[in-house]
Structures are given as structure tokens and as C-alpha cells.
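In: After the sequence you'll find the predicted model.
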Amino acid sequence: MLIACFHYTIERAKVNNMLNEIQAFLPDYKVKRVTPEALVQVADAYTTNESFFMLTQGRPATREDIANDLAALPPGFDASQKYYLGVFEEANPDSAVAVLDLLRGFPDESSAWIGLLLVHGGCKRRGIGSALTDAVWRAAKAVGVTSLRLGVVAGNDTALAFWKSRGFNELRRDKAMINGSIDTEVIVMERH
């Protein structure tokens, strides 16, 4: 039992370290984990991005979509390594200006996967997405992650241009089921 407790303590320290590192590299914002009870704090980031959700799932986002994003994990993935984070400005601590879904150790131990980076529609073109991406990259490197990966739905030219501007390159193209219903082409991108 002592070994299990020690392992839990190390894993917990990894989780806190990654969150602390992201916060350290994003000093103008408050970054915090989003809990099921606090989904309302990120709801506006979803509802103000209707065109993204129309492209990726054929309909506007719902509260159920937010809850599904919070809970979604690849098969066999350790939930303690998932970071579903809200990014908040001091002036408005109850409504996220951005949402980040990050899996540390996926698809392998030296990588992390950005499942979602969503900037509130009313906060775009202010550098929030760039600052958050750069903070995640610096934090990942600080904790030993050497590669960030993500998927961009083919046809989302704005997102593709954004990720290229942040140093990501196309790795391959795959077919993916989005929310279990839309089979679509996804451009897998990576930054080393």
C-alpha cells in the first residue's frame, strides 16, 4: 500500500506541476481546472463559436457537449493526466476567455495532445490563443514533454493557419469520428 500511495503522490505532483507551469507562463490570466459543477464558466466560449461547432459537428454546441469534452478520454488513458482548463481574466473570473483540453502522455509518454483550444468569440484577435499555446509549449517542455500534437478538421482553414503560425506542422491526415456521428478528415499536426 505504501508503494501505491507513493505512486499516487508522484502522479499528483506531475498533474499539479503541469498546471502550475502553464499558469507560470501565462501570468496575465488565471488558469484553473474546470469541474463538472463549473461548466457554466466555460459555456460562453462554446456558444460564441457556433461556426466551429457547425463545421465539426453539424450543429451548435450544447451543455451536453461541454460535459462530454470534460469527461472524454482515449481508451485506457489515465484521467489524472487530463487537463480541462478554463483561462480567466481578473476582471471577469466567472467566464472563461479560453478553454483548453490537454492530455499529457498521449499518444506516448513524451507527447501531449491538445484536444481543444477554444477562445471566446468576443475575445478573438487579442492574442489569447497565441499566448495560451506558447504557455502550453513552454510548460510541456519544462515537465519533459518533447512533442505537442493536435487534430484540425479539414476545411477549418483559420485553425490550420493559426496552428502553422504557432510552429505546428502537418504529420498526417486521418479519418475521425467527431462526437460519434461525423466521419471526417482530420489533419494531425505536431510541434517539436
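Out: Perfect, I can see it now. Every value quoted in this text rests on a predicted model; they were computed, and no experiment measured them. Numbers count the residues shown, from 1 in each chain.
In: those helices in this structure, which residues are they?
Out: 2-24, 40-47, 50-57, 63-71, 128-142, 157-165 (DSSP state H).
In: Can you mark which positions in stretch 156-167 are buried?
Out: N156, A159, L160, F162, W163, R166 (16 or more other C-beta atoms under 10 Å). All C-beta spots, glycine's among them, are computed from the backbone N, C-alpha and C.
In: which residue packs closest to the last one, ignoring adjacent ones?
Out: Distance criterion C-beta to C-beta, 6 or more residues apart in numbering; nearest residue to R166, sequence neighbours excluded, is T133 at 4.7 Å.
In: what's the spacing between the one you found and E64?
Out: 27 Å (C-beta to C-beta, to the nearest Å).
In: Give the residue from those two that has the larger number of neighbours.
Out: T133 (23 against 10; other C-beta atoms under 10 Å).
In: Double-check the more buried one against A112; I have them as touching.
Out: No. Look at T133 against A112 with C-beta atoms under 8 Å: they stay out of range, at 12.0 Å.
In: and the spatially most central residue of the chain, what is it in contact with?
Out: The centre of the chain sits closest to D101, judged by C-alpha atoms, centre = their mean, with a distance of 2.4 Å. D101 makes contact with D69, A72, K82, Y83, Y84, L85, I114, G115, L116, L117 under the criterion C-beta atoms under 8 Å, 6 or more residues apart in numbering.
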